[in-house]
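> Here is the input, now give the coordinates:
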Amino acid sequence: MRAVIKGISNDVFDVETYCPKSLDNFSLSLRIRIGLDCTQGADDFELFICTPKWLEESVWEARWGRGLLIVREYDFSTIKELIHDYVSRCEGDSWESIAIQLGKVFCWEFDDYQT
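Numbers count the residues shown, from 1 in each chain. Have a look, this model is predicted:
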């Protein structure tokens, strides 16, 4: 089984047409719908993307990096390519094993979920 991206979106803007005011000083959150290549369903994963300049000007406290992608400037095609490259390398015998791999980089909607 292999993970595939079923969609990339943001709740506020259209990711295909969005352009920040400053290409080298921005932040945004993406929702990435990822599922198996052999099914229609998908789970939501979150990724926060920013530049070093934005971090320097906006974040004052220590912060962990999971669910974080730091880029030098805004280029959605490069960001999309980085996301697709990582997701395409995630494969396994079950969705659970693939979700663990994805969870190393993205924040999964079912993180800390208990039945």
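> Nearest the geometric middle of the protein, what residue?
residue 47 (3.2 Å; Cα atoms, centre = their mean).
> I'd say that residue and residue 32 touch.
Yes. At 6.1 Å, residue 47 counts as touching residue 32 under the criterion of Cβ atoms under 8 Å. Just so you know, the C-beta spots here come from the backbone N, C-alpha and C atoms, and that holds for glycine as well.
> what sits in contact with each of the two?
83, 106 (Cβ atoms under 8 Å, 6 or more residues apart in numbering).
> For the strand with the most length in the chain, buried residues please.
The strand spanning the most residues in the chain, taking DSSP state E as the definition, is strand 27-36. Buried residues in strand 27-36, counted by 16 or more other Cβ atoms under 10 Å: 28, 30, 31, 32, 33, 34, 35, 36.
> And stretch 98-105, by the same measure?
98, 99, 101, 102, 103, 105.
> mind listing the helices in the protein by residue range?
52-58, 76-88, 95-102 (DSSP state H).
> list the helices and strands the shortest one packs on?
Under the contact definition 3 or more Cβ pairs under 8 Å, 6 or more residues apart in numbering; DSSP states H and E, helix 52-58 sits against no other helix or strand.
> need the contact list for residue 71.
Neighbours of residue 71 in contact, by Cβ under 8 Å, 6+ apart: 49, 50, 51, 78, 79.
> The third one: neighbour count?
Counted by other Cβ atoms under 10 Å, the residues lying close to residue 51 total 20.
> for this structure, what are the low-confidence residue spans?
Applying pLDDT under 70 to the chain picks out residues 112-115.
> mind running it again at 90?
Along the chain, segments meeting pLDDT under 90 span 37-39, 59-66, 109-115.
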